[in-house]
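>>> coordinates for the following, if possible.
(chains A and B)
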Amino acid sequence: MPNYVLLDAAKHQKKKILPHTNFNHSAHQHHVPVTINEFVQASTSFPVVFMKDPQEGKLHATALLGIIAGKNLHFTESDWLGTYVPASILRAPFELGPDLQQDKTLTLYVDEGSQYLSENQGQTLFDGENPTQSLLQVQKVFADYFTDEIATQTFIAKLLDCNLLKEIELVVQYENSDSMKIKGIYTINEAALRLLSDEVIVDFNKQGYLMAIHAMLASLGQVNRLIKLHNGSEEPKIAGVQMRFDSGEE
Amino acid sequence: MRLSSQIKRIIVLGGGTAGWITAGLLAKKHAAGVKVTLIESPDISTIGVGEGTWPTMRQTLAKLGVPEAKFLQKCHATFKQASKFVNWINPVNDTYYHPFTEPQGFNKVDLSPYWREVTQGECSFSQAATYQHYLCENGLAPKTIANKQYEAVANYGYHLDAGQFIELLREHCTAELKVELISDTVSRVLMAENEDIKSLMTKENGELSADLYVDCSGMRSKLLGESLKVPFLPCDDIFFSDTALATQIPYTDTNAPISSCTISTAQDAGWIWDIGLQHRRGVGYVYSSQFSTQEQAYDTFSQYLGDKCKIDKIKKIEFTPGHREIFWKNNCVAVGLSAGFLEPLEASALMLVETSANLIAEQLPANTQQMPMVAKRFNASMLMKWRGVIDFLKLHYVLSKRDTPFWVKNRDPSSVPDTLKELLELWRFRSPSEYDFTDNMEAFSAASYQYILYGAGFQTDFSNNAYLYDKSALASKQIMLNRQRLEQLKYLLPRHRELLEKVNQVGFPAI
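Got it, this is the predicted structure:
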């Protein structure tokens, strides 16, 4: 079980950080957050969609790594079955969390239960009070990530503003005739996209939004790749996944 | 006069909930071809009760295009997930629920033969069958701020402030749906030779005529009853309540939890409804004047209300339970109290309004020649609906074991409709099934009958056909799935009041 605690020079003085060997910390993540600048690369391997946080309703950019909850189809002990590894997986064992000293500020947390944390080998994090070169690098990664996440949220806000999103329902049909519905997934509404004014399209192009939008649309085809990977596992076989689009109010 | 002419103008008489819902639904669908006018009398006040709805109200409001957040805020509305029956079977410590969510896996397996065994008698039918029982008991909302408007996690209807609701509908129907409002009083109804309504004579606006008149004039039934002389069929041999005392009381604490179900508490000569709105509660005692004097009724009511009771704030409403023999005659159709009223139990009044209004809007005759056929079909459908409501409401009384004269009288076989008697006889040896209710206009589903029957402790003897009940494993699975779902929902769903406050601040997301 992950156990994230505030990164602290005194507490983590002796901790050392190990390089990622495989990504088995992601074995049970069937979706991970991505940022807008990852969309194109992520779309070469995974469906890139928005998912709604069911409690607060905020949309998050997400790469689907598997179909059923708790199973990342891209992870095997020996190999990563994709051409791209999402940055969020590479950020382990660190994560951003609330700074308890300062309101509305984020700071670094570390997963004390992580396999990438050791007392014996690896790169140290602190030299006395000061961060080491390795930690500075981690801090840089997170500073960039923070900027990218804000850019992603701005992008989502723009899409909402332009009514460019629609909900899709994935209906997973198993060969044994069971079925399962996956809700809370959103993607670009192509019909609405075609109706955008020239002005907005040019602006979207300049912002890099157009590329991200097309990457998302193209990435939906990766659902078929997920089915293929899934059917290679021991889980009940999937006959197909149907995508249903929300038809609106009535 | 032409023999057949297109329906081009409709007059709705009466600006209560029934009038505005009907005018709105008619205008929504037909505004391009039909002029809808509503005549609302400044001299006649609305009845001001009818504060509970079915989940159908979500579709109705969505159809009318009313934003849910606006509706909730303006009508101080809350989410209704069930009816809770307190002391209906025995006079103390007795509770059961009729939740709006169907039993888990209802279309896969009927839980009623299995739940007692599977849960080893540790929980009630509604607890075993749906997480909604727990949601109600613990004041959780049926959805989150992440859901779109009208989208549910657990099925829900509303509790609403009837007066505010009418204002919202009036504003919406006139501003958005092109319903013409004439504020005037009808002084006389002029009849044509063929017994059609020819026109309505108003005090200020002279003579107004239409191709179809919708009577939403309330209990007086000014058009269908008074003018077209359609007889009223009383059901006072089935239902004995005929008086309601209604009042509004504030919350003692502005942070007090808001109930997410209508609480209905049985009394010696009737029952008390208790409905939680955002800013106040609406409480009423519906009783039988045959079995209680007015003084006794006030006593019972004030005992329930405690020190919050202010006698001068209590409104008294008298009624005869029953309905018109038919609801559509010639060029006049009645919707709402003008069509009939049984009693407030299970909030069937607004549901009947919605059903009637939808049916009229969907089946509006193409021309006057078609009207008799549409009327005939409408009457058949609505009579079926009323019969279903009568049976279902009566079921609540029949199952009681209370022994005061009111309740004893309610169980008297002579007061039980034959249709209900037959069903009860059948259910001695099998549970209510969808095949018992094959008419698609049936008011209540088999699921509702099961919640009432087994909630009330009715015993069906399944042993006669034990061979039929070999789905114990599947039933266990559903009961387990329901428990799992409940665990997720406990974490997911906010408190009822908390969600309402949030909706008032930020509304629901567009997608």
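
>>> what's the burial count for B:Y491?
Neighbours of B:Y491 under the rule other Cβ atoms under 10 Å in any protein chain shown: 8. Heads up, the C-betas are built off the backbone N, CA and C, glycines and all.

>>> distance of it from A:N3?
Using Cβ to Cβ, to the nearest Å, one obtains 20 Å as the distance from B:Y491 to A:N3.

>>> now the residue of chain B at minimum distance from chain A. Nearest residue, chain neighbours left out?
Chain B approaches chain A most closely through B:A146 (3.1 Å), counting by Cβ to the nearest Cβ. Sequence neighbours aside, A:G57 is the residue nearest to B:A146 in space, at 3.1 Å (criterion: Cβ to Cβ, 6 or more residues apart in numbering or on different chains).

>>> show me what from chain A comes close to chain B.
Proximity of chain A to chain B is confined to A:52-58, A:160, A:163, A:165-167, A:186, A:246, A:249-250 under the rule Cβ under 8 Å from any Cβ of the partner chain.

>>> mark which of the residues you listed are part of helices, please.
Among the residues of chain A next to chain B, the members falling in helices (DSSP state H) are A:L160.

>>> need the buried ones from the residues of chain A next to chain B selected in PyMOL.
Entered in PyMOL, the line below selects the buried ones among the residues of chain A next to chain B, by 16 or more other Cβ atoms under 10 Å in any protein chain shown:
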select buried, chain A and resi 52+54+57+160+165+166+167+186
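
>>> name the nearest of the residues of chain A next to chain B relative to chain B.
A:G57 (3.1 Å).

>>> that closest one against B:A510, yeah?
No - A:G57 is beyond contact range of B:A510, at 10.4 Å (criterion: Cβ atoms under 8 Å).

>>> mean confidence score for the helix or strand hosting A:I150?
Per DSSP states H and E, A:I150 falls inside helix A:133-161. Helix A:133-161 carries an average pLDDT of 94.

>>> contacting residues for the residue nearest to the spatial centre of chain A?
With distances taken as Cα atoms, centre = their mean, A:P33 lies nearest the centre of chain A, 1.9 Å away. Residues near A:P33 by Cβ atoms under 8 Å, 6 or more residues apart in numbering or on different chains: A:H60, A:A61, A:T62, A:A63, A:P86, A:S88.

>>> over to B:L499?
Residues in contact with B:L499, defined by Cβ under 8 Å, 6+ apart, are B:F79, B:A141, B:K143, B:T144, B:I145.

>>> for the second one, give its distance to A:S179.
Relative to A:S179, B:A141 is positioned 28 Å away (Cβ to Cβ).

>>> equivalent analysis for the first one, please.
Distance, B:F79 to A:S179, using Cβ to Cβ: 29 Å.

>>> the two: who's more crowded?
In terms of neighbours (other Cβ under 10 Å), B:F79 is the more surrounded of B:F79 and A:S179; the figures are 25 against 13.

>>> that one should be in a helix, yeah?
No - remark: B:F79 does not belong to a helix; assigned using DSSP: H, G, I helix; E, B strand; the rest coil, it is strand.

>>> hmm, it is touching B:L140, no?
No - taking contacts as Cβ under 8 Å, B:F79 lies outside contact range of B:L140: 9.8 Å.

>>> how close does B:S209 get to B:N331?
In this view, B:S209 and B:N331 are 10 Å apart by Cβ to Cβ.
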